[in-house]
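In: Have a look; sequence and predicted model below, questions after that.
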Amino acid sequence: MPEKMIVCVAVVGHQNNPLYIQSFTEADDALKLHHIVHCSLDVVDERVNNPKKSGSPLNETFLGLLYPTENYKVYGYLTNTKVKFIVVTTDLDVRDADVRNFFRRFHAAYVDAVSNPFHVPGKKITSRTFAERVSTIVKSFGLSSAG
Amino acid sequence: MEEYPEELRTPPVSLIAVVGCPELHATLSRHLHSEQPPINTLALPDFSKASLLFSTTKESKDNDDHETAVGGILKRDWLLKHRTKVPSVLAALFSYDQLSGDPAQWLQVCSLLDQLKALLRPRNVKFLLLVVVPHQSSNPLNDDIGEDRMLALRKRAELDPKYILLFKPDEPSELKQSLQRLGSAFAELASAYYRDEGRRIKLRLEKKTFNSSSIELHVRYCFKVAVYAEFRRDWVEALRFYEDAYQTLREMIGTSKRLPALQRLVEIKTVAEQLHFKISTLLLHGGKVGEAVLWFRRHNASYRRLVGAPEAIFLHREWMSRQFLVFAELLDKSSAAIQNISSLVLATKDTPLTEWESRPAYYYQLAAHYLKEKRSSLELALSMLETANEMDNSAESVVPSAYVGQFARLLEQGDAFSMLPITDEEYIRFAVAEGKRFQDSFEIIALLKKSYESYGDLKVQRMGSFCGFQMAREYYAAGDFTNAKQLFDDIASLYRREGWVILLWEVLGYLRECARKRGTVKEFVEYSLEMAALPVSSGIDTQSLRFKECGPAGPASLAEREVIHKEVFGLVCGESELPQVESRNNLQITGDNPLHLEIDLVSPLRLVLLASVAFHEQIIKPSVSTLITISLLSQLPVSVEIDQLELQFNQSDCNFIIMNAQRPSSAATSDDKQGHRVETSSSLALATNKWLRFTYDIKSDQSGKLECISVIAKIGTHFTICCRAESPASMEDLPLWKFEDRVETSPTKDAALAFNGQKAAQVEEPDPQVDLYLGASGPAFVGESFMVPVTVISMGHAVYSGELKINLVDVKGGGLFSPREAEPYSLDSHHVELVGISGPQGEDESQLGTDEIKKIQKSFGLVSVPSLKCGESWSCKLEIKWHRPKPVMLFVSLGYSPQSNESTAQKVNVHKSLQIEGKTAILINHQFMLPFRRDPLLLSRIKPVSDSDQPASLPLNEISILIVSAKNSAEVPLRLLSMSLQLDNDSVVRSYSTPHEVEDLDPALLVPGEEFKKVFTVISEVNSSKLRLGTMCVRWRRDSGTEEQSGSTVTSVLTEQILPDVNVELPPLVVSLDCPPYAILGDPFTYLIKIRNQTQLLQEVKFSLGDAQSFVLSGSHIDTVFVLPKSEHILSYKLVPLASGVQQLPRFSVTCVRYSAGFLPSIAASTIFVFPSKPHFKVASVRDRRTESLVAE
Amino acid sequence: MGREVSESCVDSLLTEMVSSYCDRFYANKPELAARRIEAIGFQVGHQLSERYTMERPRFSDHLEAIKFICKDFWSELFKKQIDNLKTNHRGTFVLQDNRFRWLARMSVDPSSEGGDLSQDNSAGAPENKAAQATSMHLYFPCGIIRGALSNLGIPCAVSADISNLPACSFVVRIKA
């Protein structure tokens, strides 16, 4: 059993406000993860505003590695609707393809959650189904393509 | 980086030594130092020092290479030695006198040379001879003895001749040349020395002459080769060997058993640090930022997990911190050199670099992070040691040993010192003791500050804020609450803006504690209230947050909010005090120390109390009550009982107070407030997220805006919150809570009011009780001064300081004038203007008081109305003049105050408007006619006329008749006073021969539609294609019946119209018909047709005369005649009328061949009346009359 | 996802929603009813745009987003694309659907509605009433377009023009 690779996932709204943030770590650094996610928004801004410098393909939703912190790596994803997905992984060798795959599934889950007619656009996501689905996706991270 | 020794930090500088002639050393070393690249000089005053210099290093050198057991990786002093002690070149200076002197001196030179050679040879140090030639002595090369000596010297020194240099210090130009020569010789030799040395070591590396198991030596040799390469400025080779050394070193970690485990790791890491420093420096020096960053990544990745023994974690973290710091400083330095770091393409295919990895800020931040970790693990290690009571003085004698990264115990045995290896435990104790000496928190703050500022420069605010947050926490821990608060406040505003509640909670927790510690009650209450009102619940996002590292406020949770809430309300209600601030007064709120909070639209405390005020009606009649709904909302976790609410309006008379019926005591105290209205409500409990709504009636006596400014809630006796009132229609969402998934309620139950409700309403003016009449009749006519009487009649109000404003506005919109159309008769281009305002009858303008305003502009007027008592009236007249027919809207408004007290009285306004049509009263037309039965052939008439604008043509020297008609186009009868043709002064020639002077008419009455005609005779005597005729002037006035109306003016109006230009030309032919005025049945008469040729040419004229039933005629019907120039041809016919009545004469037509133009006389001209028998007339003799009536037909 | 919904159900739902708001909840306040219907459309558009933009790169400018609305988005909603797109290049776009589905089955002939409207006062009323009823049905699609665009980061105002039925033009004015 490999150690859990994803320690935190977050959905951040277009005003840079957190819509959903969940950590998957036993350690007591959840607050630090909040900080890491928040700081990563700077990189998202930078990458979207100066796409040439970072060398990433134009307008792709997957933004790639945002920055490495002391123990983690932070990846980003920006939807067409200016919603940001941030995932924090442990600093092991994480394959880009895995992260992409993760984001694709996460995006689908997000879309299903916000398409709920009882969900008001722009508000935090409190759906339990969404939380469970995210947790499943997080658990299966790296397994599908590795196996 | 500062803690690195100088020799490591700076690129190596070649070292040479000079000996002999000490007076020249300063000059030499100065010059060599300024060379590019610079060379350091070791000045040895005399030759005995030279042997001293080399002797010390002698044996260690030998040991170094052939030692079987290697003591360490790098010698601590090796680099320093090469920088300061081991010269690459030794230059011996001899004065020329010594060489050319007596044999004893020569022998001495020889022996010195031998000594030096013996010293230098084993070390391969290059040798250079310098012969100092004083100015006065002759050139030795030109001198026989000198040449011999030099040759001998060369042989003796066994030197290439180019390494024996002459040095002439006394002559400036020679000196400069000598120094240059010397410099290049030194550089060449030094470079040769370092190359040889490098090659020697490289050879060892290649041949593995050393004990191959000793990786230490491999690393050491690589390092040395690299350093020698650096001496030669061969950066590529240096980099290659440093990298080689670095990689070999990395392999050493698991294999080396030489030292105790802990110290071994320390040594390796220290060496790795040095090597990495060198590599980074070289890469950054070459501008390869991307590669340097990648190297740093690799460095970090290979060592970060080599934590070592648990008790020495702090050493690892300190080391890590230093790695980041050093790299940050290197980047900082190089980014200053490489100007545009951001333009570098940093990303490579496999390992893209992220944005911050090329920024020093990122590394400073991480350095701080590791330093913080170091501090905590050091504290742990310290406490462990202290509890074990193992602190002794054994650490005192531990010193760095001969090898880089190694420590040993220094033993003093008398004069002798010896180094003893130490155990790991001793080492830890030593390291802990060392660590205790540093104040880490200052260092951490400094690092964070650098990062904070650097991110700030890049406008990276969130990263910067995070650094700021960490910094503030350090300040907080260090007890510097002022600095901490300032930083925390900045950060809190960011988190508020972006809705990061959990982070905000933590920051506010710190701020609250700062306020508590600083004893600022207001801040403490504000932060506490904000925290209590934050949208933190036990939702799923907080469930998993078990903060160990959470701030002083504890974990964000609903329970915690309630605790804070209760604490702060205990404080504000005076029920409790906050103790625990040492040596200061406790925080408390009392009568002496009341607390007042302001909440405006941008305050974070809007969460705590939100006041929405809505008037049910937007427009209120004065003194009529309407309803107002006040709604309060709070997000505090526990419901709050408000003691009293005060509503404040911009009209302070409307302010009122709502008392809490359940708190009678407080009601009694505030009853005596200056007579304000007091309402009582059964409950003023404000429950969480539930609107507390009140509806009261309100009325205002004063017109204008009535706006609710604020709602002041009083809680307890000494605590008030003043909350700015908000309109439901324009109310912003609650910050932070707007992102929460919750049911939102509107401030009023009525949905429409919630959408449109405003906190302000308009109070109407009292109804005016004054009438304003505009008594104007009928349309106005262009040109006249039209009078509009205005009457002000007071019906119920007295009128004080009344003001009449008059505005003229085009009905169709737009201005009253058009600058495009230049009007010749009105200088200004206003089509309608207000000419004057005259007061009541008899009142002259001079009689108007000086204090009374009277202002008249073209379309605007202002006049003051005198004070009127009830029932009185006042009137004036507006005089308006139209220049163009145009409908105009006249607006008159009267503003007055019903009370004489001007300051307080409000104005009442009455508005009236009237549309007045401006019309043209008189239409002037004209037409030209030719004399009867006389037809000039006008060529311009023959030609086809495409242009209708072509002016009328008149024959030259012929009488023409001008008929001018003036038609009354108005709806009222007019009286025509005169009609005249005014000749233009500028027309050069008088072209009129018949009456043109002003001719006064009896004032002719023109009923609407009637036309008045007047005939003028015109003979044009000048041949001009464009002749101005002049201006028609018609003077008229309204016909006011028999009696003149009192007010309206009877002054006449002059209407002018310019007659269009005419074309005057000479007709070539003039045909005139001549026959009697009437004929008698059966009585023959002569019909003469005269064709006059006015030209100088012979004119061929064809004519024909048709048959007519009523006449018998004689004469040729068709013929062609030639008319001589300037003569007249007369055709004569005799006609006998056969029928009576109006008969048509035979039709006559003429064709002029030359102009191929013909003409037929008009039917009227060829008609004659035939009497059945000779009539009998009474001839009246007014000839003019006859002409007139004839033309008028 | 492959879930399908009967078109006639959607049509009926729309009709019912409009009549509920106009005739029952806010019978005397057509402005309020319009606002509510538009708000519902806004949420629907907001959520649909989230789904339909899922697998595509981000739009780089406004025109791209508008084109997306015209093509893919409209196809998803109505199985056809917008027939004509016009712009003044200053932030106003006109999207014309020559046969707008939700109006296709709507009768606007006043005579056919004469029965229920006979008690209305003036002679011009039936026609006005019919136009008003039609425009009430258009607040919902306007809201959808506005919701979709604002979710794509383009705040705008959307109005509809039904001067030549059954063609319908939606005018999008992008707020600066």
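Out: That came through, no problem. Numbers count the residues shown, from 1 in each chain, chains lettered A, B, ... in the order given.

In: can you give me the helices for chain C?
Out: C:7-19, C:30-52, C:62-68, C:74-78, C:101-104, C:114-117, C:125-151 (DSSP state H).

In: if you average pLDDT over each of these, which comes out lowest?
Out: Here the lowest mean pLDDT among the helices of chain C goes to helix C:114-117, at a mean of 40.

In: Please enumerate the helices of the stretch 1-150 of chain B.
Out: B:6-9, B:25-34, B:47-55, B:58-66, B:78-84, B:96-100, B:103-120, B:144-157 (DSSP state H, counting those that start in this stretch).

In: and those helices as a markdown table, adding distance to chain C, mean neighbour count and mean pLDDT?
Out: No exception for glycine: its C-beta is placed from N, CA and C like everyone else's. Below are those laid out as a markdown table (distance: least, C-beta to the nearest C-beta, whole Å; neighbours: other C-beta atoms under 10 Å in any protein chain shown; pLDDT from 0 to 100):
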| stretch | distance to chain C | mean neighbour count | mean pLDDT |
| --- | --- | --- | --- |
| helix B:6-9 | 47 | 15 | 79 |
| helix B:25-34 | 57 | 16 | 83 |
| helix B:47-55 | 71 | 15 | 70 |
| helix B:58-66 | 64 | 12 | 44 |
| helix B:78-84 | 54 | 18 | 81 |
| helix B:96-100 | 82 | 19 | 74 |
| helix B:103-120 | 72 | 15 | 80 |
| helix B:144-157 | 78 | 15 | 72 |
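
In: do you know which of those helices lies nearest residue B:755?
Out: Among the helices of the stretch 1-150 of chain B, helix B:6-9 comes nearest to residue B:755, with 70.5 Å by C-beta to C-beta.

In: for residue 18, which residues make a bridge with it?
Out: Just going to use chain A. residue A:12 (DSSP bridges).

In: think we crossed wires, I meant chain B
Out: Listed by DSSP bridges, the beta-bridge partners for residue B:18 are residue B:43, residue B:91.

In: which ones are touching it?
Out: B:24-25, B:28-29, B:41-44, B:90-93, B:130 (C-beta atoms under 8 Å, 6 or more residues apart in numbering or on different chains).

In: what residue lies at the spatial centre of chain A?
Out: residue A:86 (2.6 Å; C-alpha atoms, centre = their mean).

In: Confirm for me that it is in contact with residue A:37.
Out: Yes: counting by C-beta atoms under 8 Å, residue A:37 is a contact partner of residue A:86 at 4.9 Å.

In: any shared contact partners between these two?
Out: The contact sets of residue A:86 and residue A:37 overlap at A:8, A:10, A:12, A:74 (C-beta under 8 Å, 6+ apart).

In: Would you mark the buried spots in stretch B:971-978?
Out: B:972, B:974-978 (16 or more other C-beta atoms under 10 Å in any protein chain shown).

In: and that stretch, how far from the chain's centre?
Out: Here stretch B:971-978 is found 67 Å from its chain centre; the criterion is C-alpha atoms, centre = their mean, to the nearest Å.

In: One more: stretch B:1083-1092?
Out: 96 Å.

In: Neighbours of whichever residue of chain C sits closest to chain A, how many?
Out: The nearest approach of chain C to chain A comes at residue C:53, 3.8 Å away (C-beta to the nearest C-beta). Residue C:53: 23 surrounding residues under other C-beta atoms under 10 Å in any protein chain shown.

In: Excluding sequence neighbours, find me the nearest residue to it.
Out: Counting by C-beta to C-beta, 6 or more residues apart in numbering or on different chains, residue C:53 lies nearest to residue A:80, which is 3.8 Å off, once chain neighbours are set aside.

In: Retrieve the pLDDT associated with the one you found.
Out: So residue A:80 comes in at 87 (pLDDT).

In: and it, how many neighbours?
Out: Counted with other C-beta under 10 Å, residues neighbouring residue A:80 total 23.

In: picking up where we left off before, the buried residues of stretch B:971-978 in strands, which ones?
Out: Filtering the buried residues of stretch B:971-978 for membership in strands, criterion DSSP state E, returns B:974-978.

In: what does chain B have sitting close to chain C?
Out: With C-beta under 8 Å from any C-beta of the partner chain as the criterion, chain B meets chain C at residues B:751-752, B:755.

In: for the closest residue to chain C within chain A, what are its contacts?
Out: Here chain A gets closest to chain C at one residue, residue A:80, 3.8 Å apart by C-beta to the nearest C-beta. Going by C-beta under 8 Å, 6+ apart, residue A:80 touches A:61, C:49, C:53, C:56-59, C:152.

In: okay, which residue is most central for chain C?
Out: In chain C, the centroid-proximal residue (C-alpha atoms, centre = their mean) is residue C:141; its distance is 2.1 Å.

In: For chain C, which residues are neighbours of chain A?
Out: So far as C-beta under 8 Å from any C-beta goes, chain C lies against chain A at C:43, C:46-51, C:53-54, C:56-60, C:147, C:151-153.

In: Which of those are buried, as a PyMOL select command?
Out: The buried subset of the residues of chain C next to chain A, as determined by 16+ other C-beta under 10 Å, is captured in PyMOL by this line:
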select buried, chain C and resi 43+46+47+48+49+50+51+53+54+58+59+147+151+152
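
In: And residue B:323, what's its pLDDT?
Out: At residue B:323, pLDDT is 90.

In: ditto for the one 3 residues further on
Out: According to the per-residue confidence, residue B:326 scores 89 in pLDDT.

In: Can you tell me the element it falls in?
Out: Assigned by DSSP states H and E, residue B:326 falls within helix B:313-337.

In: Buried residues of that helix, list them for me.
Out: Across helix B:313-337, burial judged by 16+ other C-beta under 10 Å covers B:313-332, B:334-335.
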